[in-house]
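next comes the sequence, and after it the predicted model I'd like to discuss.
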Amino acid sequence: MTAKRRDGRSVIGDLAMSGSSKLLFPRVASSALEAVYLNSSGGVTGGDAFDLTAEALPGASLRMTTQAGERIYRAAPGAPGRVDTKLSAGDGAQLIWLPQETILFDGAALDRRLTFDLAPDARLLASEVLLFGREAMGETVQSLFLRDRIDLRIGGELVFADRLRLDGDASEVLSRFNVANGALAMASVLCAAPEVAARLDALRDALPETAGATALSDDLIFLRLLAPNGFALRRSLIPLLKDLAGSDLPRPWML
């Protein structure tokens, strides 16, 4: 899909959907176009393949989220579930990518790629959250195959690359002090905006002890947060995302 600028607002340009991948467009009191992704199959398991491509054309503002957390179910031996998301923003455009949590169940197998391609003066706010089971349900993830990749290109140049690989007993690995010290929820936040690094000290002051932030350049920062569960993570993450977005978050993001 594409978002384009028309009469002072961002509206749908092109749109194509197939299979169980759907996009909903709620009415919002904003000049941005808000899109809510829905996987009508209810989750991802071994052998599934999902592709999402979206672009904010020059001058447009596109805010994307998901209707609910994405569930990655137990996969039989064989190919993992594949999720490939490609997002781009043209000159002067703004892209906000805030999917809800990806919930990994015991026995899940996921190969996921998230790629951002920005014009030099485009803006980006992106967040990805992983939950390794649900603490309230007493779930543990003792068997997992996970490949997670995030790439950001600005003006065609690769400026950020994050790689996560986790195989086997995830609960044992995450329990290690030098990995996650028992945390079952993790958020990664990427923000590209003019002089955003000047806000780094204030952002660090607002973070919990189990989080960190770094400036990769004057115009690019990265944050990672850990928490014992999804609720605790949201309590820290939602105010942070509101601050960086400069506005309320899409409605699905609630405590």
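Received the coordinates, thanks.

which residues of the stretch 151-255 of the chain fall in strands?
Taking DSSP state E, counting those that start in this stretch as the test, the strands found in the stretch 151-255 of the chain are 157-168, 185-192, 211-217, 220-227.

dump these into TSV; add distance to residue 57 and mean neighbour count as well.
Every residue, glycine included, has its C-beta placed from N, CA and C. Listed next are these as TSV, based on distance: least, C-beta to C-beta, whole Å; neighbours: other C-beta atoms under 10 Å:
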stretch	distance to residue 57	mean neighbour count
strand 157-168	21	12
strand 185-192	18	23
strand 211-217	25	15
strand 220-227	22	21
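
of all the ones you listed, which lies closest to residue 118?
The minimum distance between residue 118 and the strands of the stretch 151-255 of the chain falls on strand 185-192, with 6.4 Å, by C-beta to C-beta.

quick one: contacts for the closest residue to residue 207 other than its chain neighbours?
Nearest residue to residue 207, sequence neighbours excluded (C-beta to C-beta, 6 or more residues apart in numbering): residue 213, at 6.4 Å. The neighbours of residue 213, taking C-beta atoms under 8 Å, 6 or more residues apart in numbering as the test, are 200, 203-204, 207, 221-223.

again with residue 206
Applying C-beta under 8 Å, 6+ apart to residue 206 gives the contacts 239-240, 243.

excluding its backbone neighbours, what's nearest residue 108?
In this structure, residue 108 finds its nearest non-sequential neighbour in residue 72, 4.2 Å apart by C-beta to C-beta, 6+ apart.

tell me what that neighbour is bridged to.
Beta-bridge partners for residue 72, by DSSP bridges, are residue 44, residue 104.

count of residues packed around it?
Counted with other C-beta atoms under 10 Å, residues neighbouring residue 72 total 28.

what does the one 3 residues further on give?
Burial of residue 75, expressed as a neighbour count using other C-beta under 10 Å, amounts to 22.

and the closest residue to it other than its chain neighbours, what are its phi and psi?
Leaving aside its sequence neighbours, residue 75 sits nearest to residue 46 (C-beta to C-beta, 6+ apart; 2.9 Å). Main-chain dihedrals, residue 46, degrees, to the nearest 10: phi -60, psi 130.

per-residue pLDDT, the residue nearest to residue 108?
On pLDDT, residue 72 comes in at 96.

show me what contacts it?
Residues near residue 72 by C-beta under 8 Å, 6+ apart: 43-45, 81, 102-105, 108-110.

and of these, the nearest to residue 231?
The nearest one, if we look at the contacts of residue 72 relative to residue 231 and count by C-beta to C-beta, is residue 103, at 13.0 Å.

quick check, central residue of the protein?
What sits nearest the mean C-alpha location of the chain, by C-alpha atoms, centre = their mean, is residue 128, with 2.7 Å.

that one and residue 100 touch, don't they?
No. When contacts are counted by C-beta atoms under 8 Å, residue 128 is not listed as touching residue 100 (10.1 Å).

now the host helix or strand of residue 127: buried residues?
Counting by DSSP states H and E, the element that carries residue 127 is strand 123-132. Within strand 123-132, the residues that qualify as buried are 123-132, counting by 16 or more other C-beta atoms under 10 Å.

ok, stretch 232-243 next?
By 16+ other C-beta under 10 Å, the buried positions in stretch 232-243 come out as 232-234, 236-237, 240-241.

now that stretch, how far from the centre of its chain.
Centre-to-centre, stretch 232-243 and its host chain are 13 Å apart (C-alpha atoms, centre = their mean, to the nearest Å).
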